[in-house]
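Enquirer: coordinates only, sequence not included:
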Ligand SMILES: NC(=O)C1=CN([C@@H]2O[C@H](COP(=O)(O)OP(=O)(O)OC[C@H]3O[C@@H](n4cnc5c(N)ncnc54)[C@H](OP(=O)(O)O)[C@@H]3O)[C@@H](O)[C@H]2O)C=CC1
Ligand SMILES: O=CCCC(=O)O
């Protein structure tokens, strides 16, 4: 099976390498062309534009930063739409349901097929093929690309109409972003009140709120080490999009709103390209309120 792959950031690079490692042919494109070099070493071919990739491949996957990038790659000059007739497009970026629906409707109107398939799981699960895939849209296309999803992920869900994958992803990340802030406050409170925060990690891990994120991020947060697996700017984008979904559905989300403010503060401190756990640093900033 041959796939096009657009977007070789932290996630896209790991996912495309995984496909290559499992015997898929992959033609890649990235806005910053130099990021293609490493994948060429793994056997990938390079397409000059998103349009040329789609022209060459029956199936093209996208893994792009945000709604604006997802729309640009489809609608701009030399974009996906130019050769989409009869081709299949699978957008795995985290975007909102409206963005996904706009892309879906336009692609279908031009004779193409569309599946949204955002993922849960970060850099390491992407490298290990252990993502959780939240697909929605064209069920026949979903069934066709399952061999690729089986390589990329440990479990795929088909959630029905376009938009449901995007919404599920935003709900999950809204919970994750809120948890990260509560965790960060807890680590800081433990430290400032004279406790050993390392011992707090051990206590948490033995109890009912033990989870993979605390286990993975706790030790590095205590070392003030925030090498990006999930960039903070993307987590803040997800909080913003989840809050908009809350607005649409009249769901009051004071916890998520507060978490969003903390991520915004972290961005204003220049931490957007670090891991989202760098929100911890906001608690160390001088407080001028008293
Ligand atoms: N990292 C993670 O743990 C996870 C991320 N996600 C989601 O996956 C997506 C990708 O994340 P990640 O790989 O971490 O992000 P990165 O920031 O590492 O990569 C973003 C990619 O989008 C491209 N891009 C950005 N803007 C544009 C544009 N205007 N036109 C064309 N290409 C553009 C970048 O190209 P260039 O190289 O030129 O900048 C790059 O290839 C995001 O939606 C994110 O929310 C989902 C699950 C986990
Ligand atoms: O969108 C990013 C999710 C990161 C994760 O699920 O660990």
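Expert: Perfect, thanks for sending it. All figures in this text were calculated on a predicted structure; none of them were measured in a lab. Ligands and ions are numbered 1, 2, ... in the order given.
Enquirer: pLDDT score for residue 285?
Expert: With respect to pLDDT, residue 285 scores 65.
Enquirer: list the contacts for the closest residue to ligand 2 within the stretch 51-200 of the chain?
Expert: Here the residue of the stretch 51-200 of the chain nearest ligand 2 is residue 122; by Cβ to the nearest ligand atom that distance is 3.7 Å. C-beta here means a position set from N, CA and C on the backbone, and glycine is covered the same way. Under the criterion of Cβ atoms under 8 Å, 6 or more residues apart in numbering, the contact list for residue 122 reads 11, 229-230.
Enquirer: go again using 6 Å as the cut-off
Expert: The contact partners of residue 122, by Cβ atoms under 6 Å, 6 or more residues apart in numbering, come to 229-230.
Enquirer: can you check residue 154 too?
Expert: Contacts were defined as Cβ under 6 Å, 6+ apart; by that measure residue 154 touches residue 130.
Enquirer: number of nearby residues for the residue of the chain found nearest ligand 1?
Expert: The nearest approach of the chain to ligand 1 comes at residue 9, 1.8 Å away (Cβ to the nearest ligand atom). When neighbours are counted by other Cβ atoms under 10 Å, residue 9 registers 20.
Enquirer: and what of residue 42?
Expert: Other residues near residue 42 number 15, with proximity taken as other Cβ under 10 Å.
Enquirer: Let me see the backbone angles for it.
Expert: phi -90, psi 0 (degrees, to the nearest 10).
Enquirer: Pretty sure residue 18 is one of the things it touches, is it not?
Expert: No: in terms of Cβ atoms under 6 Å, residue 42 does not count as a neighbour of residue 18; the distance is 9.8 Å.
Enquirer: Pull up the overlap in contacts between those two.
Expert: The contact lists of residue 42 and residue 18 share no entry, where a contact means Cβ under 6 Å, 6+ apart.
Enquirer: hmm, the longest helix seen in the chain touching ligand 2?
Expert: Using DSSP state H, we find that the single longest helix of the chain is helix 164-192. Yes: residues of helix 164-192 are located near ligand 2 by Cβ under 6 Å from any ligand atom, namely residue 173.
Enquirer: outside of the helix or strand following that helix, which residues touch it?
Expert: The element immediately downstream of helix 164-192 (helix or strand, assigned by DSSP states H and E) is helix 197-206. By Cβ under 6 Å, 6+ apart, the residues outside helix 197-206 that reach it are 187, 190-191, 214, 218, 222.
Enquirer: Most neighbours among those residues, which one?
Expert: Per-residue neighbour counts (other Cβ under 10 Å) across the contacts of helix 197-206 peak at residue 187, which has 23 neighbours.
Enquirer: how close does that one sit to residue 221?
Expert: Here the distance between residue 187 and residue 221 works out to 6 Å (Cβ to Cβ, to the nearest Å).
Enquirer: so what sits against both of the two?
Expert: Common neighbours of residue 187 and residue 221 (criterion: Cβ under 6 Å, 6+ apart): none identified.
Enquirer: And ligand 1, is the longest helix of the chain touching that?
Expert: No: remark: helix 164-192 sits outside contact range of ligand 1, by Cβ under 6 Å from any ligand atom, the gap being at least 7.5 Å.
Enquirer: Buried residues, that helix. List them.
Expert: If you call a residue buried by 16 or more other Cβ atoms under 10 Å, then helix 164-192 has these buried ones: 164-174, 176-181, 183-184, 186-188, 190.
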